[in-house]
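S.K.: 3D model of this:
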Amino acid sequence: MFALMFLGGCAPGAAEAQRAASEPGLPREVAIARCQGAGEHADACITEVLRARPDTEAEDCARIQSEAWRAECSFAVGERHARAGHRWEALTACGQAGRYYHECLYHAWTYEIQRSVRGGGRAVDELETGRALVDFWGQVQTVGPDPVEQIWLDWWYFTLNRNPPADLGDCASLAAPDAERCRVGTLSFVERAIATTLRETNVPPRRKSRVCRGDILELEAQFPDVYRADDRLRERALAGRDRGCAAARGVESGRPWNPIFLENRRWSAG
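M.R.: Just a heads-up that it's a prediction; the model follows:
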């Protein structure tokens with residue numbers, strides 16, 4: 001979409017080449033050949049053509065000359081495979097996504113987590129599935145300070161989102177270290193869920209105003225199924241409200257649940 005919009009503001013020849021290359025059912029090579037008519041915008045045109053095709057693979061993106069457009073193409077392929085549950089294909093494409101590598105990797109593990117969640121019960125009942133995912137994704141060495149704990153935080157967030165309400169009492173049935181990860185994940189989920197809803201979801205202005213101006217009882221009335229009442233969760237719910245409401249006013253209040261990415265480095269086994 002970005003490439004199409006970009007070309008739409010260019011010279012008539014470039015825009016015409018884009019339209020010709022985007023003709024439905026056109027063979028890949030013919031479409032790419034037509035993109036050459038876009039001149040200096042040929043790579044943007046090829047990127048848009050490849051992104052629109054469900055059969056595009058990372059090696060197809062490698063033919064794009066521009067590093068920036070090649071990275072965008074690879075990112076799109078990686079994200080598509082991640083959504084479909086194709087782990088290794090996603091990782092291959094992400095490895096070629098250049099400046100989008102970290103974002104691509106983050107999407108890959110969060111999409112896989114979301115696909116794995118059954119829902120309709122309690123998050124703790126899905127713990128073994130989560131353990132298998134964390135065992136794999138926790139090996140990522142470009143996430144700090146501790147990739148294992150980061151992946152667990154994301155797992156608890158997406159799993160609690162599908163198995164509401166969050167309840168710290170569920171953690172009592174677990175042994176260490178699962179019990180502590182459950183506690184930390186549950187607290188983080190409540191803050192993140194409310195902040196994310198207020199800042200990134202199309203919440204009706206009247207509802208958002210009531211939440212941002214009200215007390216904890218108003219917050220719980222507007223978010224009745226997020227958690228079971230508990231002073232510790234209420235504290236994090238208010239923190240999430242404050243973050244979300246600050247963002248609504250145009251003030252960046254931070255997202256402490258987001259991963260911290262490090263410079264690429266060699267695997268310890270490499």
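
S.K.: Gly169 against Arg228, yeah?
M.R.: Yes. Applying Cβ atoms under 8 Å, one finds Gly169 in contact with Arg228, separated by 7.3 Å. Bear in mind the C-beta positions are built from the backbone N, C-alpha and C, glycine included.

S.K.: so for these two, which residue has more residues nearby?
M.R.: More crowded of Gly169 and Arg228, by other Cβ atoms under 10 Å: Arg228, with 13 against 9.

S.K.: stretch 56-67: how far from the chain's middle?
M.R.: 23 Å (Cα atoms, centre = their mean, to the nearest Å).

S.K.: and that stretch, average pLDDT?
M.R.: Per-region confidence: stretch 56-67 scores 93 on mean pLDDT.

S.K.: return the set of buried residues in it.
M.R.: 56-58, 60-61, 64, 66 (16 or more other Cβ atoms under 10 Å).

S.K.: mind picking the two most distant members of these?
M.R.: Glu57 and Ser66 (18.6 Å; Cβ to Cβ).

S.K.: which SSE is immediately downstream of the helix or strand hosting Ala221?
M.R.: In this structure, Ala221 is located in helix 216-222 according to DSSP states H and E. Downstream of helix 216-222, the next assigned helix or strand under DSSP H and E is helix 231-248.

S.K.: that next one - contacts with which helices or strands?
M.R.: On a contact count with 3 or more Cβ pairs under 8 Å, 6 or more residues apart in numbering; DSSP states H and E, helix 231-248 meets helix 178-200, helix 205-213, helix 216-222.

S.K.: contacts only, for Ala90.
M.R.: 78-79, 81-82, 104, 108 (Cβ atoms under 8 Å, 6 or more residues apart in numbering).

S.K.: SS state for Gly250?
M.R.: coil (DSSP: H, G, I helix; E, B strand; the rest coil).

S.K.: and it, how many residues sit next to it?
M.R.: Gly250: 6 neighbours (other Cβ under 10 Å).

S.K.: got a pLDDT number for Trp265?
M.R.: Small correction: residue 265 is Arg, not Trp. On the pLDDT scale, Arg265 gets 56.

S.K.: cool, and Leu7?
M.R.: pLDDT, Leu7: 43.

S.K.: can you give me the helices in the stretch 51-200 of the chain?
M.R.: Assigned by DSSP state H, counting those that start in this stretch, the helices in the stretch 51-200 of the chain fall at 58-61, 67-84, 87-94, 101-116, 127-137, 147-162, 178-200.

S.K.: any idea of the mean pLDDT in the last one?
M.R.: Helix 178-200 shows a mean pLDDT of 96 in the predicted model.

S.K.: packing partners for that helix?
M.R.: helix 147-162, helix 205-213, helix 231-248.

S.K.: in the last one, what counts as buried?
M.R.: Buried residues in helix 231-248, counted by 16+ other Cβ under 10 Å: 233-234, 236-248.

S.K.: now the second one
M.R.: Going by neighbour count (16+ other Cβ under 10 Å), the buried part of helix 205-213 is 208, 211-212.

S.K.: and for stretch 129-141?
M.R.: Buried, per 16+ other Cβ under 10 Å, within stretch 129-141: 130, 133-134, 137-138, 140.

S.K.: turn those into CSV, including distance to Arg19.
M.R.: CSV is the format used below for those (distance: Cβ to Cβ, whole Å):
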residue, distance to Arg19
Gly130, 47
Leu133, 43
Val134, 47
Trp137, 41
Gly138, 46
Val140, 41
